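**Student:** Turn this into a model:
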Amino acid sequence: MSNQTDKRALLRLLNIKKPIIQAPMAGVSTPALAAAVSNAGGLGSLGVGAMNAEGARKIIRETRALTGKPFNINVFCHSPAAADEAVDRQWLNWLAPLFEKYGAKPPASLSEIYTSFVADPAMLEVFLDEKPAIVSFHFGLPPSEVIADLRKAGIRLLASATNLKEAAQVAAAGADAIVAQGIEAGGHRGIFDTDAFDDRLGTFALTRLLVKEFDLPVIAAGGIMDGAGIAAALALGAQAAQLGTAFVACPETSIDEGYRRAMLGAPARQTTFTAAISGRIARSMVNSFTELGDDARSPKPPVYPVAYDAGKALHAAAKAKGEFGYGAQWAGQAAALARSLPAAELFAQLESELQDAVRQLQQFAG
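**Tutor:** The predicted structure follows:
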């Protein structure tokens, strides 16, 4: 299959009508959001990387109760954390004054709060039992035998890549499509090896490179917020666009009021990378936690997801006192274009904008 010769191959493969995919967004996306996007003709997604197996089973079934259309389930494939008590203790000591400021005490110790899919046979069993139409991978790939089991169950597979080397691994593993995650994307950077050099390729450059290099369909992701952005991605050869930040302000998401205010206000105009919140590089709106991580005195945070154990505890303590600035307020570079619309309405608006953009391109071409 060549994504350059068959522009609708991915839509047929995923059994969707529109080239619009809602990003999984663990901790943000909900069954209501995913179902609304799938019911509109796109592909809704749910992130279960922060859940255990039974939690994943529950939301798969909840989503199926809301839609008969395909939807995507996303998992994290990071290397399991190697504990370092000295690093953990130094980080907790650094955060202690903030916990005290908000009338709380830091955790006595930190733990690996999320189990990677590469070490979670229970999650695999849920997928083989429930057979979601699509499973996608972030941070890397699971073992080949796991991929074989999922494919044997009739599940379509997507995987994110941030460069050509990762995309080659995705193609060799037998995935059905590559998600090209550009540097503009909100949330966690999907690099496979956190110690390797990051090419930091933008969405459009990465998309075009992957389209030219591989026969697999390419899904562009990162900084795409409206129909014009979708049209641009398609013009570069992507067969679909994946939007995350564009959907964050929808009422169907699970974000708190502070995150919502920031997304629809001035904070959305400035994003930055930080590892302070979770232990892994992620793009967030600038807030109190990102500024804490930028402090020159800040020690190295614990590894992902151990640092998240401290981050979530600090956010809970501050939030209880009315301060929302220590939350994981993930957002892409174009977050200021976010709209607070029900997901179905936003999807219809994106589709209308896409059609308008295509017509304008045709006029220029004519």
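
**Student:** Need the three-state assignment for Gln363.
**Tutor:** Secondary structure for Gln363, judged by DSSP: H, G, I helix; E, B strand; the rest coil, is helix.

**Student:** Going forward, the N-terminal residue is numbered 7.
**Tutor:** Renumbered: residue one is now 7, and that last one reads Gln369.

**Student:** Run a quick neighbour tally on it.
**Tutor:** Neighbours of Gln369 under the rule other C-beta atoms under 10 Å: 8. C-beta coordinates here come from the backbone N, C-alpha and C atoms, glycine included.

**Student:** now do Leu212
**Tutor:** A count of neighbours around Leu212, defined by other C-beta under 10 Å, yields 27.

**Student:** Give the closest residue to it in space, chain neighbours not counted.
**Tutor:** Ala186 (4.6 Å; C-beta to C-beta, 6 or more residues apart in numbering).

**Student:** what is the rounded mean pLDDT of the helix or strand hosting that neighbour?
**Tutor:** Applying DSSP states H and E as the criterion places Ala186 in strand 183-187. What strand 183-187 shows for mean pLDDT is 98.

**Student:** ditto for stretch 249-268
**Tutor:** In this model, stretch 249-268 carries a mean pLDDT of 98.

**Student:** Output it as CSV, restricted to C-alpha atoms.
**Tutor:** The C-alpha coordinates for stretch 249-268 follow below in CSV (Å, rounded to 0.1, in the frame of the first residue of the first chain):
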residue,chain,number,x,y,z
LEU,A,249,-5.6,16.7,16.9
GLY,A,250,-5.2,16.7,20.7
THR,A,251,-5.0,20.2,22.0
ALA,A,252,-7.9,21.2,19.7
PHE,A,253,-10.2,19.0,21.7
VAL,A,254,-8.9,19.7,25.2
ALA,A,255,-11.4,22.5,25.9
CYS,A,256,-14.4,20.4,24.8
PRO,A,257,-16.9,19.9,27.7
GLU,A,258,-16.6,16.1,27.3
THR,A,259,-13.0,16.1,28.6
SER,A,260,-12.1,15.5,32.2
ILE,A,261,-9.8,18.5,32.7
ASP,A,262,-10.3,20.7,35.8
GLU,A,263,-11.5,24.3,35.9
GLY,A,264,-7.9,25.7,36.1
TYR,A,265,-6.7,23.8,33.1
ARG,A,266,-9.8,24.9,31.2
ARG,A,267,-9.3,28.6,32.1
ALA,A,268,-5.7,28.4,31.1
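
**Student:** on that earlier part again, output the contacting helices and strands for the strand holding Ala186.
**Tutor:** Applying 3 or more C-beta pairs under 8 Å, 6 or more residues apart in numbering; DSSP states H and E, one finds that strand 183-187 contacts helix 15-20, strand 162-167, helix 170-179, helix 209-219, strand 224-227.
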